[in-house]
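Asker: Sequence and predicted structure are below.
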Amino acid sequence: MTVKDNILCSKSHEYVYTEGEYCFIGLTDYAIEQLGDIVFVELPETGSAYRKGEIFGTIESVKAASEIYMPVSGEIIEINEQLIEHPELLNEKEFDEMWLIKIKADAYEEDSADLLNYDTYKEEVE
Amino acid sequence: MAKTFLYNNHIKLGAKMVDFAGWEMPVQYTSIIEEHNNVRNNAGLFDVSHMGEIFITGKDSLNFLQTLVPQDVAKLIDKKALYCQFTNEKGGIVDDLLIYKLKENYYLLIVNASRLEADYSWLIKNKSNYDATIDNKSDIYSMVALQGPKASDILNEIGIKKENQPKTFHIDEYKLLNEDVFISRTGYTGEDGFEIIIRNEKVSELWKLILEKGKPYGIMPIGLGARDTLRLEAAMSLYGNELNENTTPVEAGLTWTIDKDKKQDYIGKNIIKNQLQSGTDKKLIAFKMTDKAIARHEYPIYSDNKEIGYVTSGCIAPTIGKNIGLGYINNKNLKINDTIQIMIRNKFYNAQITDKNFIQKHNKGN
């Protein structure tokens, strides 16, 4: 599998990549694998702003609810609406296609300094 | 952590393993929802070897057992199962269990893995002068559960012909793989099915045989994840969630299992009798979420902005496509169809109290 080459991952298993002036944030393949069947996704309102490390949503598998943290600070521009009705898409599609939120980052360079590139992240979790 | 004699089988099948009551058990092999649906539609095989098997023998077996449970064990005929609770002095539940009468003065008790030590101590402590032997054979026996609408066909394939299979809530002794085994028609899924008790040394061979012969019937191995969603859809209680030492069978909605006219004394009888007459403030309810959210263990339950209880179990119910749960409330006025709120991440979500028939059960019988 090839993943987007500018993808960065947090130790709490979120990823972020930039495309133009926006960032896309989602859950790593490792996180999705660990969660199993995803049955519920709760995402923030567009227009709201969250700081790096803040909880911006919730993801629930059959077994448990887990919180999702902002890997970088920013304003929510768009949420991936299809996941509200079809959270199972997270299990079915490539993880880096199924972003959760699109944001406008406040200070991407600074905030992303402690994130791991995908290969390093995979080595750490596996 | 303890491993069952099927540990290597689980690993080979690619199971994700978790700690359950000190045992390393499979939580899922493929997907909890897929496994869940397969048990409802076809068949599933569960490793339940972590559960305890305790034999009670001796001429006072019946009298001894009568002192421990609110059910009338004397009504139990040979080769039949009885769902019981060990109750303490406060009427609280030490464990819930099945008592099988194999024959006169020969009973088999199947208890929860998490409560095996507590149960064994409880039995020893309360044996007093009864001429009864308490024999914990949990280290000798393994157990698998074969559940689902195709379970009887599959058991037939492995050599227990349909006409010889135990009837619902019965048990018998059989020969399988040249071994003496116990097979009961019981389970924890709301489906027809069997539980097979076999010596540890033979369980891996039995596991493989059932999966192989069950293949044309669509059998799958099933982990504890689906075991939990299946039992919750069937509104069956789980010790540690719905049941504990501070909750009586009456509060837990198990009045239907109690023999109200039982003559013999049993531990906690005064309290339970009193509760049977006057009712209880605390009661177990079933609910369906009407707002889009999943209630989980220990989330608070509200009514009219007052906290009135807590969720004991909650999950999505794959069979009915709704989010369901069980919980305790301290409120005598609320009835079926009334609306309650579940506090989830500091927000209120509506739920409706329902009866305990989330699904049509297929395990009812004589």
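Answerer: That came in fine, so what should we check first?

Asker: Quick one: residues contacting residue B:227.
Answerer: Applying C-beta atoms under 8 Å, 6 or more residues apart in numbering or on different chains, we find residue B:227 in contact with B:46, B:188-189. Glycine gets a C-beta too; all of them are placed from N, C-alpha and C.

Asker: what does chain A have sitting close to chain B?
Answerer: Chain A has residues A:36-37, A:39-40, A:42, A:58, A:60-65, A:91 near chain B, with proximity defined as C-beta under 8 Å from any C-beta of the partner chain.

Asker: Sitting in strands, which of these do you find?
Answerer: Counted as lying in strands by DSSP state E, out of these, are A:39-40, A:42, A:58, A:60-61, A:65.

Asker: Among those, name the buried ones.
Answerer: Among these, those classed as buried by 16 or more other C-beta atoms under 10 Å in any protein chain shown are A:39-40, A:42, A:58, A:60-61, A:65.

Asker: now the contacts of residue B:227 as a markdown table including distance to chain A, neighbour count and secondary structure?
Answerer: Formatted as a markdown table, the contacts of residue B:227 follow (distance: C-beta to the nearest C-beta, whole Å; neighbours: other C-beta atoms under 10 Å in any protein chain shown; DSSP: H, G, I helix; E, B strand; the rest coil):
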| residue | distance to chain A | neighbour count | secondary structure |
| --- | --- | --- | --- |
| B:46 | 16 | 26 | strand |
| B:188 | 17 | 20 | coil |
| B:189 | 15 | 27 | coil |
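
Asker: What separation is there between residue A:77 and chain B?
Answerer: When C-beta to the nearest C-beta, to the nearest Å is applied, the distance between residue A:77 and chain B equals 23 Å.

Asker: Report the backbone C-alpha coordinates of the host helix or strand of that residue in PDB.
Answerer: Assigned by DSSP states H and E, residue A:77 falls within strand A:74-79. Output in PDB follows, covering the C-alpha atoms of strand A:74-79 (Å, rounded to 0.1, in the frame of the first residue of the first chain):
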ATOM      1  CA  GLY A  74      -6.800  25.100  13.600                       C
ATOM      2  CA  GLU A  75     -10.300  26.000  12.500                       C
ATOM      3  CA  ILE A  76     -12.700  23.400  11.200                       C
ATOM      4  CA  ILE A  77     -13.500  24.100   7.500                       C
ATOM      5  CA  GLU A  78     -15.300  20.900   6.600                       C
ATOM      6  CA  ILE A  79     -16.200  17.500   8.100                       C
END
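
Asker: tell me what that strand is packed against?
Answerer: For strand A:74-79, the packing partners by 3 or more C-beta pairs under 8 Å, 6 or more residues apart in numbering or on different chains; DSSP states H and E come out as strand A:49-50, strand A:101-105.

Asker: Would you mind finding the most buried of those?
Answerer: Greatest average neighbour count among the helices and strands packed on strand A:74-79 goes to strand A:101-105 (a mean of 21), per mean count of other C-beta atoms under 10 Å in any protein chain shown.

Asker: Farthest-apart pair in the buried ones among the ones in strands among the residues of chain A next to chain B, please.
Answerer: Spanning the widest gap among those are A:42 and A:61, at 13.2 Å by C-beta to C-beta.

Asker: Quick check: the gap between the residue nearest to the spatial centre of chain A and residue B:65.
Answerer: Nearest to the mean C-alpha position of chain A, by C-alpha atoms, centre = their mean, lies residue A:26 at 1.9 Å. Distance of residue A:26 to residue B:65, computed by C-beta to C-beta, to the nearest Å: 57 Å.

Asker: Any idea which residue of the stretch 251-366 of chain B lies closest to chain A?
Answerer: In the stretch 251-366 of chain B, the residue that lies nearest chain A is residue B:316 (4.9 Å; C-beta to the nearest C-beta).

Asker: Repeat that for chain B.
Answerer: Counting by C-beta to the nearest C-beta, chain B gets nearest chain A through residue B:32, at 4.3 Å.

Asker: which ones are touching that residue?
Answerer: By C-beta under 8 Å, 6+ apart, the neighbours of residue B:32 are A:36-37, A:61-63, B:223, B:225-226, B:229.

Asker: what about 7 Å?
Answerer: Counting by C-beta atoms under 7 Å, 6 or more residues apart in numbering or on different chains, residue B:32 touches A:36-37, A:62, B:225-226, B:229.

Asker: Over to residue A:53?
Answerer: Taking C-beta under 7 Å, 6+ apart, one finds A:69-70 in contact with residue A:53.

Asker: Let me know the secondary structure of it.
Answerer: coil (DSSP: H, G, I helix; E, B strand; the rest coil).

Asker: quick one: it from residue A:114, how far?
Answerer: 10 Å.

Asker: And residue B:35, by the same measure?
Answerer: 39 Å.

Asker: Spatially, which residue comes closest to the residue of chain A found nearest chain B, not counting chain neighbours?
Answerer: As assessed by C-beta to the nearest C-beta, chain B sits closest to residue A:62 within chain A, at 4.3 Å. Leaving aside its sequence neighbours, residue A:62 sits nearest to residue B:32 (C-beta to C-beta, 6 or more residues apart in numbering or on different chains; 4.3 Å).

Asker: again, but for residue B:356
Answerer: residue B:235 (3.8 Å).

Asker: Would you mind listing where the chain has pLDDT under the threshold?
Answerer: I went with chain A, as the question did not name one. Scanning chain A for pLDDT under 70 picks out A:1-2.

Asker: actually it's chain B I care about, not the one you picked
Answerer: B:364-366.

Asker: How is it divided into domains?
Answerer: B:2-51+B:139-233, B:53-136 (automatic domain parsing).

Asker: re the thing from before, which one of residue B:35 and residue A:114 has more residues nearby?
Answerer: residue B:35 (26 against 11; other C-beta atoms under 10 Å in any protein chain shown).

Asker: Any idea how far the helix or strand encompassing that one is from the middle of the chain?
Answerer: With elements taken from DSSP H and E, the one containing residue B:35 is helix B:32-41. Distance of helix B:32-41 from the chain centroid (C-alpha atoms, centre = their mean, to the nearest Å) equals 18 Å.
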